[in-house]
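> turn this into a model:
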Amino acid sequence: MALRFVDIPLELLPIIFDSVVRAQHLASLCLVNRSFNEFAIQRLYRCVYINAWHTQAKSKVVLLFQTLSNCPRLAQYVSRLEIRAFPKALSSSSYSDLLDLCTRGIRNCVNLRSCAWTRDGSLESAILLALQQCPQLKELEINGKDSGYDPNILAQFSKLSRISLIMPSAQVIEVLPSWISATGPTLRNLTMICQTSSLITDTLLESLAPSMTELDQLFIIGCPKVTHRGIGEIVSTNCNGLTGIGLERLSPAFDMTSFNSICKEHQAFRRLRSITLAVHVETPFQTWTSDVTELLSTAPLEILQIYATTPTAKVVIADDFWRTIVTMHGSRLKRFSIDRMTISMSALHDICSRCSVLEQLFVVTTRHNLDDVTRCFASARNLRAIHVNFYREVDETEERSMMNDALRIVQQCPATVSQIGCDTRVWHVRREVRMNDKAELYTVPTLTSYENPDIPEQFLVARGA
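The predicted model follows:
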């Protein structure tokens, strides 16, 4: 007798359910029977996301925290909580009631390890105090505008391994040294994201450096007062060497030659696996590429992401740079991202053909060159994800053709490709099995909507000015 799906051995269910990414699908699995419910409901509540683009996102915030506050059994499954939308246009009493729901719900999340609360003006002191009662909390991402909370509370988070600050205010910056000092022994990842903030300076970073000697990853974005001096102080006082660094839209006075000297002196990049660099249009590229090549010469690099701060075809990095990078790191590179700048077909083909374990590739081109670019992709035998940005803005007609462009690409790429994107659109790639007239089976790639709740990586790479 044929085995029915509901007869699958229970020990296999967690493995199967880990491959289900859509919350709606997990919710359906919870309704099959008690055994399915026992495993699927844990997976359903393990990671909870509410993003601004979700349908009725603000209403879902209310429903979510009603559930978490009233059902401690479900709240205990929550390991990751991301609140990126929040209802603010409420009466005083309604807002107070919602805040009470949030704090009670958070306190019930006894296994919460990661929390992101990024909606501008939605973070309150009561929410921070509730998060401090979560004994497993290790990661905190918050909006740094302190309109609703007391920044001094932040210094009481003393066991975090990851801190991410978005648009920190002067008051948050003021408390940052004491906060980093308190959590420094456990801190492994620090991210500060601004637009054009003058609050984060070399002097501030120099004051933080002695407390961040165990740091593994550092990402500084949109801080035009930060130069090689502040970053150099952090890497030179680091004990073990960074594994990841992102230096994006910093001061035009950032001297890569001086930074390279600091890193060489302290062997700062001996463990570096990931680097993201933004290059200014005015940068002398020949000197910059020479310094970056030397900077990365001893790194066991796996991820390289480089983009221009201004989208323009005028930024052209010589093929020799890409060729040298591939020669040094091609056997390890898993992700290569080149955005807002021109790369030749020769250099792109070299990347695709010689980076033997390359899984993710993000590039920019023109539609005129799309066929040539696709032929380059075809030589990368292990690609999993591709994203192509086009130089000129798309009009409505071109937007409708993006899916056709994506399909053209995957039809010529290895069968390993499971994700494809063009500009602002991303799809999953499915392989449909068909039979020809000779009863031979073959597969045809088709595109389906992107279902993973995580934001696609290519939208996290380049942060425009």
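
> quick check: Tyr77 is in a helix.
No - when the secondary structure is assigned by DSSP: H, G, I helix; E, B strand; the rest coil, Tyr77 falls in coil instead of a helix.

> quick one: pLDDT of Ala52?
What the model reports as pLDDT for Ala52 is 84.

> before we move on, what about Pro414?
Looking at Pro414 specifically, the model assigns a pLDDT of 89.

> contact partners for it?
The neighbours of Pro414, taking C-beta atoms under 8 Å, 6 or more residues apart in numbering as the test, are 378, 380-383. C-betas here are computed from N, CA, C, even on glycine.

> which of those are buried, as a ChimeraX select command?
If you want just the buried ones from the contacts of Pro414 in ChimeraX, going by 16 or more other C-beta atoms under 10 Å, the selection is:
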select :378,380,383
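
> let me have the contacts of Pro414 in TSV, extended by secondary structure, distance to Glu124 and pLDDT.
Conversion of the contacts of Pro414 to TSV gives the following (DSSP: H, G, I helix; E, B strand; the rest coil; distance: C-beta to C-beta, whole Å; pLDDT from 0 to 100):
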residue	secondary structure	distance to Glu124	pLDDT
Ala378	coil	53	93
Ala380	coil	48	94
Arg381	coil	51	92
Asn382	coil	47	94
Leu383	coil	45	95
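
> identify the farthest-apart pair in the contacts of Pro414.
The most widely separated members of the contacts of Pro414 are Ala378 and Asn382, with 12.3 Å between them, by C-beta to C-beta.

> correct me, but Gly246 touches Ile231?
No - with contact defined as C-beta atoms under 8 Å, Gly246 does not count as touching Ile231 (10.5 Å).

> what do the two both touch?
With contacts defined as C-beta under 8 Å, 6+ apart, the residues adjacent to both Gly246 and Ile231 are 218, 220.

> more neighbours: which of those two?
Here Gly246 and Ile231 are compared on neighbour count by other C-beta atoms under 10 Å; more neighbours surround Ile231, at 24 against 20.

> show me what the strand ranked longest in the chain is packed against.
In terms of residue count, the longest strand belonging to the chain (DSSP state E) is strand 425-435. Contact partners of strand 425-435 among helices and strands, from 3 or more C-beta pairs under 8 Å, 6 or more residues apart in numbering; DSSP states H and E: helix 396-412, strand 419-422, strand 441-449.

> between it and helix 396-412, how big is the angle?
Between the direction of strand 425-435 and that of helix 396-412, the angle (axes from the mean of the first three to the mean of the last three C-alpha atoms, to 10 degrees) works out to 50 degrees.

> any idea of the mean pLDDT for strand 425-435?
90.

> what does it contact?
By C-beta under 8 Å, 6+ apart, the list of residues contacting strand 425-435 from outside reads 387, 402-403, 406, 410, 415, 417-421, 441-451, 456, 458.

> adjacent strands (with direction) for it?
Applying DSSP bridges to the sheet, strand 425-435 is found paired with strand 419-422 (antiparallel), strand 441-449 (antiparallel).

> of the ones you listed, which stretch is the most buried?
Looking across the strands paired with strand 425-435 with neighbours counted as mean count of other C-beta atoms under 10 Å, the highest average goes to strand 419-422: a mean of 24.

> would you single out the least confident of the strands paired with strand 425-435?
Of all the strands paired with strand 425-435, strand 441-449 has the smallest average pLDDT, which comes to a mean of 88.

> export stretch 58-65 as CSV, just CAs?
Provided in CSV are the C-alpha atoms of stretch 58-65 (Å, rounded to 0.1, in the frame of the first residue of the first chain):
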residue,chain,number,x,y,z
LYS,A,58,0.1,47.6,11.3
SER,A,59,-3.0,45.5,12.1
LYS,A,60,-0.8,42.4,12.2
VAL,A,61,1.3,44.0,14.9
VAL,A,62,-1.7,44.2,17.1
LEU,A,63,-2.8,40.6,16.4
LEU,A,64,0.8,39.3,16.9
PHE,A,65,1.2,40.8,20.3
